[in-house]
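*Asks:* quick one: sequence plus predicted model below, questions after.
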Amino acid sequence: MIFNGGITLGTGLRIVPDIVPAFSTPTAMNGYTTYGRMYGVAVNSSGLFVAVGSTLTDGYPLYATSTDGITWTTPAVMNSSTSYAQMRAVAVNSSGLFVATGKDNTGGPLYATSNNGTTWTTPAQMGSVSLRAYMYGLAVNSAGLFVAVGYNGSNYAFYATSANGTTWTTPAQMGSVANTTGQMEGVAVNSAGLFVAVGGYFGAIYSTSTNGSTWTTPARINGATDIQLHGIAVNSAGLFVAVGYNSQTGNTVYATSTNGSTWTLITDVSTGFYMDGIAVNSAGLFVAVGYNSSNYPVYATSTNGSTWTTPARINGSTVDAQMNAIAVNSLGRFVAVGNGLSIPNVYPKASYGTGSDIIL
């Protein structure tokens, strides 16, 4: 038997991630069918998955947790908040601190924290100055530095940092060139501490930072137009892979880079697939998720970031679902979260990968 990565358990069993994981049909989290969306998901070293989002009617901040990616708690409002707070991203540090970021009803940057995924602080303003900054991407490095990325009301790329998840710098523009256009949607950090942010605004863009605070001026990737990048992940070898789509043709787009600055764009020949989230497991398997033009949830996989399976409906599903984010635990289980796209199906949904085999 040839093992493709995997983890050896004390019992002598070995859990091995499949090359092509199967997924369950996206379903309502614990039967919750109140209007709402889940935008982000993260998993800690103990295997606790935490999803964040917001209610649809009032925009209150939502969260839900799962110890296995299968059974979820009922989505609940963070700290019983009664203020608009759309939480768009979540990350967890090595100490188990979950941090979520997003925006308020005026576009102001917000954050919230939790030590257990269940007890949350009320979302609060990020930094000392009130301004518009939609913080849609979030990553944390091995030293515990949280870095959030996004953009302001004029579509200029912004970032903010925190060493503890609670005290944040005031969001500031990326790069040294004033008024550089760019909507940053995702960020990842490699083992060497290189942060790479991606997004799009009339073309795919990127920016890099070695410390989270000093960023290169956002630049267009290979002159590409009409491409929006949304999610980014990096494997243990330092390969960054971003996913998105061409807003004009509906083609899925992948972008790869070994250094965060030199990129290769790959366009899938299939049309009508919109990828939003991506994660990579310890064996180097990348999985991207999103939805298609019929509002069905889809996924694709790649072992190298460049050669991808054709996007396919998750478990052949014909349910209305957009998968916005995906995370993977140390055992290789991928878990995607999102929501329905059309009323009355706009409620939080989750899907789990059955892509781990227990081998004697």
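*Replies:* That came in fine, so what should we check first? Since the structure is predicted, the reported quantities are computational estimates derived from the model, not experimental observations.
*Asks:* quick check, pLDDT for Ser65.
*Replies:* Residue 65: Thr, not Ser. At Thr65, the model reports a pLDDT of 98.
*Asks:* go on, Gly212?
*Replies:* pLDDT, Gly212: 98.
*Asks:* same deal with the one 4 residues further on?
*Replies:* Looking at Thr216, its pLDDT stands at 96.
*Asks:* before we move on, what about Gly193?
*Replies:* For Gly193, the model assigns a pLDDT of 98.
*Asks:* count of residues packed around it?
*Replies:* 14 (other C-beta atoms under 10 Å). (Glycine included, C-beta is placed from N, CA and C.)
*Asks:* what's near enough to touch Thr119?
*Replies:* Thr119 makes contact with Asn79, according to C-beta atoms under 8 Å, 6 or more residues apart in numbering.
*Asks:* try it again at 10 Å.
*Replies:* 63, 78-79, 113 (C-beta atoms under 10 Å, 6 or more residues apart in numbering).
*Asks:* give the contact list for the residue most central in space within the chain.
*Replies:* Centrality entry for the chain: nearest residue to the mean C-alpha point is Ala325, 4.4 Å, by C-alpha atoms, centre = their mean. For Ala325, the contacting residues are 38-42, 51-53, 88-90, 186, 230-231, 276-279, 289, 335-338, by C-beta under 10 Å, 6+ apart.
*Asks:* show me which of those are buried.
*Replies:* Among these, those classed as buried by 16 or more other C-beta atoms under 10 Å are 38-42, 51-53, 88-90, 186, 230-231, 276-279, 289, 335-338.
*Asks:* helices - which of the contacts of Thr119 land there?
*Replies:* Of these, none are assigned to helices by DSSP state H.
*Asks:* generate a ChimeraX selection restricted to the buried entries among those.
*Replies:* Provided next is the ChimeraX selection string for whichever of the contacts of Thr119 are buried by 16+ other C-beta under 10 Å:
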select :63,78,113
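*Asks:* can you tell me which of the contacts of Thr119 are in strands?
*Replies:* 63, 113 (DSSP state E).
*Asks:* turn the contacts of Thr119 into a markdown table, including distance to Asp268.
*Replies:* What follows is the contacts of Thr119, written out as a markdown table (distance: C-beta to C-beta, whole Å):
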| residue | distance to Asp268 |
| --- | --- |
| Tyr63 | 33 |
| Met78 | 37 |
| Asn79 | 41 |
| Thr113 | 38 |
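*Asks:* just to check, Gly250 is in contact with Ser270?
*Replies:* Yes - under the contact definition of C-beta atoms under 10 Å, Gly250 touches Ser270, with a separation of 8.9 Å.
*Asks:* next, show the common contact partners of those two.
*Replies:* In contact with both Gly250 and Ser270: Asn292, using C-beta under 10 Å, 6+ apart.
*Asks:* surely Asn235 touches Val328?
*Replies:* No - between Asn235 and Val328 there is no contact under C-beta under 10 Å: 11.4 Å.
*Asks:* give me the more crowded residue out of those two.
*Replies:* Neighbour count, other C-beta under 10 Å: between Asn235 and Val328, Val328 has more, with 28 against 21.
*Asks:* quick one, grab the pLDDT at that one.
*Replies:* 97.
*Asks:* report the contact partners of Val280.
*Replies:* Val280 sits in contact with 188, 233-236, 239, 241, 286-288, 302-303, 305, 326, 328, 334, where contact means C-beta under 10 Å, 6+ apart.
*Asks:* looking at the residues you listed, state which has the most neighbours.
*Replies:* Ala288 leads these on contacts (other C-beta under 10 Å) with 31 neighbours.
*Asks:* just the CA coordinates for the helix or strand where it lies, please, in CSV.
*Replies:* In this assignment (DSSP states H and E), Ala288 forms part of strand 286-292. Only the C-alpha atoms of strand 286-292 are listed here, as CSV (Å, rounded to 0.1, in the frame of the first residue of the first chain):
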residue,chain,number,x,y,z
PHE,A,286,-6.2,21.4,-3.1
VAL,A,287,-10.0,21.5,-3.1
ALA,A,288,-12.0,24.5,-4.4
VAL,A,289,-15.7,25.1,-3.8
GLY,A,290,-18.3,27.5,-5.2
TYR,A,291,-21.5,27.3,-7.2
ASN,A,292,-22.7,27.0,-10.8
